[in-house]
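Trainee: Only the shape, not the letters, is given here:
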């Protein structure tokens, strides 16, 4: 991989390794790049290194070897790490780990306040972030009174108030009920398509992965697939190897695809597969 980043490169990872003393590598010479505006699905079974990778990108863990750059910024350099976190946000599995305010709007204002912005700028950012996640009507409520979907949308709003260009999600929908998952999925689609935000979404859920443009798969700390989502979803053997559970629609679609009786769906989520099967 080239040592140079292009103006369109959001995230560059080169020969990245990470391990604890006396253990096998959690990540072993991982290399890839994410271009600005891409939607990447990051997949791998438990212990494959997904969460560790996201934490290394954001500078929450120290790199053992290799390098990471986010818009050219190095997360291992304290001054650059601060600037990096204004450009990139990480959404955790449990939103309660990110919520710090006792009132919804106070939580969203926390980040901009720490940037030292003027009051008028903070107010503008809070208003815009709450509007984008459809929480304006709940701005004076306690986060404790929000259900799972709105609470996760609040965690995302608090990051959006920092005006990041890129979002990383670490199993961020796994604790949500179906309605909450749909709410956050719709928000991510809007942020990606409507606002051009780069998304790297780590998940085991194939319905969530199917929303991505490209899939990056990890196995035992190594990249075993990096390519278009359509190519990944047609590889039944690889999905079985990664211990991914296929949806009923995918179970129906795969033998049809293999026999050439089904054209490649536009998307491999439930709606896309059913539309292709109907055609």
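Mentor: Cool, got the structure. Quick caveat, the model's predicted, so the values are computed rather than measured.

Trainee: Could I get the full set of strands for this structure?
Mentor: 9-18, 27-35, 39-43, 65-70, 88-91, 166-170, 198-202, 214-219, 222-228 (DSSP state E).

Trainee: Could I get the average pLDDT for the fourth one?
Mentor: Spelled out, that is strand 65-70. Mean pLDDT, computed over strand 65-70, is 96.

Trainee: quick one: buried residues of stretch 99-119?
Mentor: By neighbour count with 16 or more other CB atoms under 10 Å, stretch 99-119 contains the buried residues 99, 104, 105, 106, 107, 108, 109, 110, 111, 112, 117. No exception for glycine: its C-beta is placed from N, CA and C like everyone else's.

Trainee: err, stretch 172-179, not the other one
Mentor: By neighbour count with 16+ other CB under 10 Å, stretch 172-179 contains the buried residues 172, 173, 176.

Trainee: Same list (the residues you listed) but as TSV, adding pLDDT and distance to residue 231.
Mentor: Converted to TSV, these look like this (pLDDT from 0 to 100; distance: CB to CB, whole Å):
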residue	pLDDT	distance to residue 231
172	87	25
173	86	24
176	82	28
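
Trainee: for those residues, which one is nearest residue 186?
Mentor: Closest approach to residue 186 among those (CB to CB): residue 173, at 11.5 Å.

Trainee: What residues does the closest one make contact with?
Mentor: The neighbourhood of residue 173, defined by CB atoms under 8 Å, 6 or more residues apart in numbering, consists of 152, 180, 181, 184, 185, 203, 205, 208.

Trainee: how near is it to residue 9?
Mentor: Taking CB to CB, to the nearest Å as the measure, residue 173 falls 27 Å from residue 9.

Trainee: before we move on, what about residue 64?
Mentor: According to CB to CB, residue 64 stands 23 Å off from residue 9.

Trainee: if we can go back for a sec, just the ones of the contacts of residue 173 in helices?
Mentor: Among those, the subset assigned to helices under DSSP state H consists of 152, 180, 181, 184, 185, 208.

Trainee: Find the residue closest to the first one in space, skipping its chain neighbours.
Mentor: Same thing as residue 152. Beyond its immediate neighbours in the sequence, the residue positioned closest to residue 152 (CB to CB, 6 or more residues apart in numbering) is residue 95, lying 4.6 Å away.

Trainee: and the gap between that neighbour and residue 183?
Mentor: Taken as CB to CB, the spacing of residue 95 relative to residue 183 amounts to 12 Å.

Trainee: one step back: a markdown table for the buried residues of stretch 99-119, including pLDDT?
Mentor: Putting the buried residues of stretch 99-119 into a markdown table (pLDDT from 0 to 100) gives the following:
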| residue | pLDDT |
| --- | --- |
| 99 | 89 |
| 104 | 96 |
| 105 | 95 |
| 106 | 95 |
| 107 | 94 |
| 108 | 95 |
| 109 | 95 |
| 110 | 93 |
| 111 | 90 |
| 112 | 91 |
| 117 | 90 |
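
Trainee: Of the residues you listed, just say which sits nearest to residue 26.
Mentor: Within the buried residues of stretch 99-119, the smallest distance to residue 26 is 28.1 Å, found for residue 99 (CB to CB).
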